[in-house]
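> coords please:
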Amino acid sequence: MKGKILAFVLFTIQMVILPGVFASDNELVIVGPERMSKFTGAWVEKFRQDNPFAIINFRVAKEDEGFVDLLRGRCDIVISSTGPQEAALYKDVKMNKTVVAAEGVVFLVNQQNPVKGLTLTQLADILSGKTMNWEDVGGSYGEIFVYGPPAVSWVNGFILKNILNVFSPDNKRGIAYRVNNIFSNDEIRQQVAVQPLAMGYCSGNYVPAGLKALSVAKGDPAEYILPVKDKISNTSYPLQQPVFLWARDGDASVALFIDRVLSKDYQEMLSAYGFYPAKASDQNSGSIQNREG
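Residues are numbered from 1 along each chain as shown. The predicted structure is shown next:
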């Protein structure tokens, strides 16, 4: 009898509290870029299943547009690897960020290529066109054929900021015209798989048979680090960046969503979409004035 009473009480509490968090006029809206839409969509669907009273939706938008929506109250959460470009507009807005995932740029070569790793300086020289032969970076003689994503992709923006602008500051051409820009990561991998002298770069964590991922070092001499899950999640791999959820303070539904996506079940979903789990020690929030990157 006591067990039945307790069950009734718990059910009643659930019926009273949860609709209060997810009322019909309190839709939880998440905004983020296209490249993060698959895992975010999977998170949203699982959250709906775990929380039947939740009214939650995800909308694709450019990251800057998302922050404008957040400022104007048109969304509750922005998922982004950066912060708002015009941070001054948000200086009076109390906003937190939480690291929920990580993404990385991986350089791939054919399995027949004897090169196992490159420094960031060597990568800068190859991508800028200064170095054009594998022999100059410890490989066999032969021209380096480079395949990468479209020029407007976040990957190329990341490379310009973190490799070329730092390790080849006098370079005026950016990523060289000789880089073959290909639409999809799978096509980049396919080109490298059939060309022993090719090198490709892309996002994601999939390395098919016939290819190998290059280790990357910040300097020379330095430790060469492979782009594996643990090294990207703990930020030791040089070409990685965290993914944040940005949100205003004080919303119970937002807090619950963030709590869920940091749980093991949600974090384990990331690898299927080419992303990596968040670093355990980064599971915290910070004000927008102290944003990273």
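> Next, the buried residues of the lengthiest strand in the chain.
Assignment by DSSP state E gives strand 95-110 as the longest strand of the chain. Buried residues in strand 95-110, counting neighbours by 16 or more other CB atoms under 10 Å, are found at 95-110. The way it works is simple: take the backbone N, C-alpha and C, and place the C-beta from them, glycine included.
> Go through the residues you listed and say which is closest to Gly139.
Closest approach between these and Gly139, by CB to CB: Val109, at 8.7 Å.
> For the nearest residue to the closest one once chain neighbours are set aside, grab phi and psi.
Excluding the flanking residues, the one nearest Val109 by CB to CB, 6 or more residues apart in numbering is Met199, at 5.2 Å. Dihedral angles of Met199 (phi, psi; degrees, to the nearest 10) stand at phi -130, psi 130.
> Equivalent analysis for the one 5 residues further on, please.
Backbone geometry at Gly204, expressed as degrees, to the nearest 10, gives phi 100, psi 170.
> count of residues packed around it?
Applying other CB atoms under 10 Å, we find 20 residues neighbouring Gly204.
> tell me the contacts of the closest residue to it other than its chain neighbours?
Counting by CB to CB, 6+ apart, Gly204 lies nearest to Gly274, which is 3.4 Å off, once chain neighbours are set aside. Gly274 makes contact with Glu103, Asn185, Ser203, Gly204, Asn205, Tyr206, according to CB atoms under 8 Å, 6 or more residues apart in numbering.
> any chance of those in JSON lines, with pLDDT and distance to Ser236 too?
Output for the contacts of Gly274, formatted as JSON lines (pLDDT from 0 to 100; distance: CB to CB, whole Å):
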{"residue": "Glu103", "pLDDT": "94", "distance to Ser236": "15"}
{"residue": "Asn185", "pLDDT": "93", "distance to Ser236": "23"}
{"residue": "Ser203", "pLDDT": "92", "distance to Ser236": "18"}
{"residue": "Gly204", "pLDDT": "86", "distance to Ser236": "19"}
{"residue": "Asn205", "pLDDT": "84", "distance to Ser236": "16"}
{"residue": "Tyr206", "pLDDT": "87", "distance to Ser236": "21"}
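> what separates the spatially most central residue of the chain from Asp249, distance-wise?
Geometric centre of the chain, nearest residue: Glu103, 3.3 Å, by CA atoms, centre = their mean. The spacing between Glu103 and Asp249, counted by CB to CB, to the nearest Å, is 26 Å.
> what do you get for Ala209?
Here the criterion is CB to CB. By it, Ala209 lies 48 Å from Asp249.
> so the nearest residue to Ser203 once chain neighbours are set aside, which of the three states?
In space, Ser203 comes closest to Val155 once its chain neighbours are excluded; the distance is 5.5 Å by CB to CB, 6+ apart. What DSSP: H, G, I helix; E, B strand; the rest coil gives for Val155 is helix.
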